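A.B. asks: okay, predicted coordinates and the sequence, questions at the end:
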Amino acid sequence: MKSPHLGAWLWPDWRPHPRVRVVVTTRIGDISPPPWQGVNLGLNTGDDPERVRAAREKVHAGLATARAPAWLRQVHGTGVVEADDHEPEADGVWTAQPGRPCGVLTADCLPVLLARTDGSAVGAFHAGWRGLQAGILNAAVETLAPEGEALAAWLGPCICRRCYQVGKDVYQAFTASDAGAKSAFDADPEPGHWRADLHHLAHLFLRRLGVTAIERDGHCTVCHNHLLYSHRKEGSTGRFASLIWLE
Ligand SMILES: [Zn+2]
């Protein structure tokens, strides 16, 4: 069993504070066989949990942080928890402790990393369309900035606007009572379908919540499927991690 290739990880040039570090793992490496091919960090993907645990241990070793990353059992909801070792059911995790990475696992959904610009706390949030619509970013901002502390956001790799076809249910969930959200959708050649932009929706919602320092990654899980996992493209597959921590 070989290690994941740390050199193949994505190291975003986003440094909202000198103490804040971020990384996105890729599938590049040789731990799980197809259909998870590569470095799968997601339990409940049908993969052998021992391989997933081995991959997570190698990620921790690669990060060389004092504590192991805090993972979540993600449910497309709005629960936010403080980082610990118990992998609770939630879609957001935050910490004020140095050396404790917060991670979310995705394969098309949007990872959102947030940091207080004074470097005192960070968090990772899982934002697929259901979570965005349910208000995961409201919960994120309420948790990290209860007194209106300044936040900066980084939007990670997800399925892109050209690749993400959605039906009327998704379009209406966002636009029925929010005309402003229509700018996140393009008409699709297939009747009753649209192309949706998760980055655009997150950007819109964060700005409404007072977060204006927002940067985004340029990778798409489908367009860059050799690096990242895509549930939409592959069906049963693995998960990569977006991680944020305080040095
Ligand atoms: Zn794409």
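C.D. replies: On my side now, so go ahead.
A.B. asks: tell me, how many residues neighbour residue 49?
C.D. replies: 10 (other Cβ atoms under 10 Å). To be clear about C-beta, it is placed using only N, CA and C from the backbone, and glycine gets the same treatment.
A.B. asks: hmm, I was thinking of residue 173
C.D. replies: Neighbour tally, residue 173, other Cβ under 10 Å: 17.
A.B. asks: what packs against the one helix or strand it maps to?
C.D. replies: Taking DSSP states H and E as the criterion, residue 173 maps to helix 168-175. Packing contacts for helix 168-175, counted by 3 or more Cβ pairs under 8 Å, 6 or more residues apart in numbering; DSSP states H and E, involve helix 129-134, strand 185-187, strand 193-196.
A.B. asks: now with 10 Å?
C.D. replies: helix 129-134, strand 185-187, strand 193-196, helix 198-208 (3 or more Cβ pairs under 10 Å, 6 or more residues apart in numbering; DSSP states H and E).
A.B. asks: how far away from the center of its chain is the third one?
C.D. replies: Shown here is strand 193-196, whose average C-alpha point lies 21 Å from the average C-alpha point of the whole chain (Cα atoms, centre = their mean, to the nearest Å).
A.B. asks: where does the prediction get shaky in the chain?
C.D. replies: 1-6 (pLDDT under 70).
A.B. asks: could you pull out the helices in it for me?
C.D. replies: Remark: helices assigned in the chain by DSSP state H are 49-63, 129-134, 136-144, 168-175, 198-208, 231-234.
A.B. asks: could I get those helices in JSON lines, plus columns for distance to the ion?
C.D. replies: Converted to JSON lines, the helices of the chain look like this (distance: least, Cβ to the ion, whole Å):
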{"stretch": "helix 49-63", "distance to the ion": "25"}
{"stretch": "helix 129-134", "distance to the ion": "15"}
{"stretch": "helix 136-144", "distance to the ion": "22"}
{"stretch": "helix 168-175", "distance to the ion": "17"}
{"stretch": "helix 198-208", "distance to the ion": "11"}
{"stretch": "helix 231-234", "distance to the ion": "9"}
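A.B. asks: one step back: okay, the helices and strands packed on helix 168-175 in CSV with mean neighbour count next?
C.D. replies: Output for those, formatted as CSV (neighbours: other Cβ atoms under 10 Å):
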stretch, mean neighbour count
helix 129-134, 21
strand 185-187, 15
strand 193-196, 20
helix 198-208, 20
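A.B. asks: do you know which of these lies nearest residue 18?
C.D. replies: For those, proximity to residue 18 was assessed by Cβ to Cβ; helix 198-208 is nearest, at 22.5 Å.
A.B. asks: near the ion, which residues of the protein?
C.D. replies: 160, 163, 220, 222-223 (Cβ under 5 Å from the ion).
A.B. asks: the helix holding residue 173 versus helix 198-208: what angle between them?
C.D. replies: On the basis of axes from the mean of the first three to the mean of the last three Cα atoms, to 10 degrees, helix 168-175 is oriented at 20 degrees to helix 198-208.
A.B. asks: once you drop chain neighbours, what's closest to residue 27?
C.D. replies: residue 38 (3.2 Å; Cβ to Cβ, 6 or more residues apart in numbering).
A.B. asks: list the contacts of that neighbour.
C.D. replies: Contacts for residue 38 (Cβ atoms under 10 Å, 6 or more residues apart in numbering) come out as 4-5, 8, 25-32, 55, 226-229, 237-238, 240.
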